[in-house]
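*Asks:* Below: sequence and its predicted model.
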Amino acid sequence: MQRVAAAVLVIVVGVVALTSVGCVDEKKYNAVLLRNREQEKLLAEKDAQVATLNERVTALTSKSGDVNRLIMEKDDLITSLKQERDATRKAFDELTKTYRDLVSMPKPFSGTGIPEKVAIEIQALAAQYPDVFDFDAATGRLRFKADLTFDSGSDAVKPDAKTALTKLGGILISDAAKSLRISIVGHTDNDPVKKPGTIARLKELSKAANNQGLSEARAEAVADVLKAAAVEAARVTTKGVGESQPIGPNTGADGKAKNRRVEIFLSQ
């Protein structure tokens, strides 16, 4: 812009010099005057461009400040989220440890007289076969799910259940468990016994051809597996109660499945 002003000044001086000579060529004068006006117009345009550039610089400077502020806020937010994540992870790890400690602890015994060592071993066995049976140390009860222990209408113990019962027998003949009594109770749902094969088998066992007879046969089948694992017969008693002690409604498949069961009770 300073160069433009200097050029205008030179032109003006030139005009003054020409007029002072006295005899001035009118064409030259008009040409100089026209150039002067063009330079003034150019100067005005440059001034406008400079003003526009200044406004853009100001705006960009303001935006730069906003961007820097947003970056700082972002960094603060990330730091806060990382701290919350670390705190959550620590709390989760603590809860996981507490849960594992609780699971590994034997449940309190409620007058059953089951030695702690025996209860822990049976709990571990139940964890190996969660689909076959569950164990309640507080009552000394093992509940075998009949549908996973026997085929429909059969008193023959299935392989997985037989393996679990054999391992249970190994626990029950240990020195720590040798004083425990073993009571086995068979249960059924309220569906009547209809299969010819089941009826024939129950008659072969001198059992009534109904749910009472089926529950007795299944309790005795479980006892036979334990005895085959060297559990003394004198320690084992069996009985069947048929459909008389349901733990679920006999109105649907889930309830009926719960009612079809064999329970083993351990006590001193």
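*Replies:* Here it is on my side, so go on. Only a predicted model underlies this, so the values are computations on that prediction, with no experimental measurement involved.

*Asks:* So what's the residue count around residue 259?
*Replies:* Burial of residue 259, expressed as a neighbour count using other Cβ atoms under 10 Å, amounts to 21. C-beta: built from backbone N, CA, C; applies to glycine.

*Asks:* residues in contact with it?
*Replies:* Taking Cβ atoms under 8 Å, 6 or more residues apart in numbering as the criterion, residue 259 is in contact with 187, 188, 189, 190, 243, 246, 247, 248, 250.

*Asks:* pLDDT score for the last one?
*Replies:* The pLDDT attached to residue 250 in the predicted structure is 93.

*Asks:* SS state for it?
*Replies:* For residue 250, the assignment made with DSSP: H, G, I helix; E, B strand; the rest coil gives coil.

*Asks:* sorry, back to before: can you tell me which of the contacts of residue 259 is closest to residue 227?
*Replies:* Proximity of the contacts of residue 259 to residue 227, judged by Cβ to Cβ, is greatest for residue 187, which lies at 21.0 Å.

*Asks:* who's in contact with the nearest residue to that closest one once chain neighbours are set aside?
*Replies:* Excluding its sequence neighbours, the residue lying closest to residue 187 (Cβ to Cβ, 6 or more residues apart in numbering) is residue 261, at 4.9 Å. With contacts defined as Cβ under 8 Å, 6+ apart, residue 261 is in contact with 143, 144, 145, 146, 187, 247.

*Asks:* ChimeraX command for the buried members of those?
*Replies:* A single ChimeraX command is used to select the members of the contacts of residue 261 judged buried by 16 or more other Cβ atoms under 10 Å:
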select :143,144,145,146,187
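
*Asks:* And the furthest pair within the contacts of residue 261?
*Replies:* In terms of Cβ to Cβ, those reach their longest pairwise distance at 144 and 247, which sit 13.2 Å apart.

*Asks:* So which of the contacts of residue 259 are in helices?
*Replies:* Of the contacts of residue 259, none are assigned to helices by DSSP state H.

*Asks:* of those, closest to residue 59?
*Replies:* Closest approach between those and residue 59, by Cβ to Cβ: residue 248, at 75.1 Å.

*Asks:* residue boundaries of the strands in the stretch 51-200 of the chain?
*Replies:* 133-136, 141-145, 181-187 (DSSP state E, counting those that start in this stretch).

*Asks:* Dump those strands into CSV; add distance to residue 166 and mean pLDDT as well.
*Replies:* CSV is the format used below for these (distance: least, Cβ to Cβ, whole Å; pLDDT from 0 to 100):
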stretch, distance to residue 166, mean pLDDT
strand 133-136, 13, 95
strand 141-145, 13, 95
strand 181-187, 14, 96
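
*Asks:* and the residue nearest to residue 187, what are its phi and psi?
*Replies:* Recorded main-chain torsions at residue 261 are phi -160, psi 160, according to degrees, to the nearest 10.

*Asks:* shaky segments in the stretch 51-200 of the chain?
*Replies:* Per-residue confidence of the stretch 51-200 of the chain (counting by pLDDT under 70) places the weak regions at 99-112.

*Asks:* from the chain's centre, how far out does stretch 131-150 sit?
*Replies:* On the basis of Cα atoms, centre = their mean, to the nearest Å, stretch 131-150 is displaced by 27 Å from the centre of the chain it belongs to.

*Asks:* who touches it?
*Replies:* With contacts defined as Cβ under 8 Å, 6+ apart, stretch 131-150 is touched by 106-110, 112, 114, 119, 122-123, 125-126, 156-158, 160-161, 164-165, 168, 187-188, 218, 221-222, 257, 260-267.

*Asks:* Stretch 159-176 too?
*Replies:* Stretch 159-176 is contacted from outside by 115, 117-118, 121-122, 125, 128-129, 131-133, 142, 144, 148-150, 157, 177-178, 180, 182, 222, 225-232, 235, 264, 266, using Cβ under 8 Å, 6+ apart.

*Asks:* Tell me which of these fall in helices.
*Replies:* Taking DSSP H as the definition of helices, the contacts of stretch 159-176 contribute 117-118, 121-122, 125, 128, 148-149, 222, 225-228.
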